[in-house]
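# Build me a model from this:
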Amino acid sequence: MSIRIDPDLREVAALERIAEWRGRHVLEIGCGEGRLSVRLARLGAIVWGIDPDPARIRAARRRLRRFGRRVRVGVGRAERLAHGAGSFDLVVLSWAL
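Residues are numbered from 1 along each chain as shown. Predicted coordinates for the structure are as follows:
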């Protein structure tokens with residue numbers, strides 16, 4: 001049995017209600033394999049995703065390559081961000097602990 005997360009796109013509908021994403025620079029903490037990164041990019045965001053797991057980042061890069069420079073991912077941790085203050089308009093953390 002496979003797990004399908006949010007097949008009805010309720011997460012996307014909720015995201016659309018809380019912010020304007022088009023053209024915004026978004027940091028996604030705990031991006032994993034890029035599930036939410038894809039959705040944010042489709043809403044028009046410019047996404048930088050980080051995850052501490054190199055294998056997940058490799059999978060995310062394969063999944064997200066069609067978005068070009070609009071979605072970038074890298075190994076990283078929320079405790080030590082490589083970006084300076086003010087680098088992002090919005091920060092998202094979902095399904096990550």
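# low-confidence ranges in this protein?
1-4, 6-8, 95-97 (pLDDT under 70).
# Tell me who's in contact with the residue nearest to the spatial centre of the chain.
Nearest to the centroid of the C-alpha atoms of the chain, with distances taken as CA atoms, centre = their mean, sits residue 37, at 3.2 Å. Neighbour list for residue 37: 28, 31, 47, 49, 60, 64, 71, 73 [criterion: CB atoms under 8 Å, 6 or more residues apart in numbering]. C-beta: built from backbone N, CA, C; applies to glycine.
# In JSON lines, list those residues along with secondary structure and distance to residue 92.
Shown next, in JSON lines, are the contacts of residue 37 (DSSP: H, G, I helix; E, B strand; the rest coil; distance: CB to CB, whole Å):
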{"residue": "28", "secondary structure": "strand", "distance to residue 92": "5"}
{"residue": "31", "secondary structure": "coil", "distance to residue 92": "9"}
{"residue": "47", "secondary structure": "strand", "distance to residue 92": "9"}
{"residue": "49", "secondary structure": "strand", "distance to residue 92": "9"}
{"residue": "60", "secondary structure": "helix", "distance to residue 92": "14"}
{"residue": "64", "secondary structure": "helix", "distance to residue 92": "15"}
{"residue": "71", "secondary structure": "strand", "distance to residue 92": "13"}
{"residue": "73", "secondary structure": "strand", "distance to residue 92": "13"}
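# And the strands in the chain?
Per DSSP state E, the chain carries strands over the ranges 25-29, 46-51, 71-75, 90-93.
# okay, those, which one's buried deepest?
Among the strands of the chain, ranked by average contacts under mean count of other CB atoms under 10 Å, first place goes to strand 46-51 (a mean of 24).
# got the angle between it and strand 25-29?
Using axes from the mean of the first three to the mean of the last three CA atoms, to 10 degrees, the interaxial angle of strand 46-51 with respect to strand 25-29 works out to 20 degrees.
# Compare the strands of the chain and give me the one nearest residue 13.
Of all the strands of the chain, it is strand 90-93 that lies closest to residue 13, at 15.1 Å by CB to CB.
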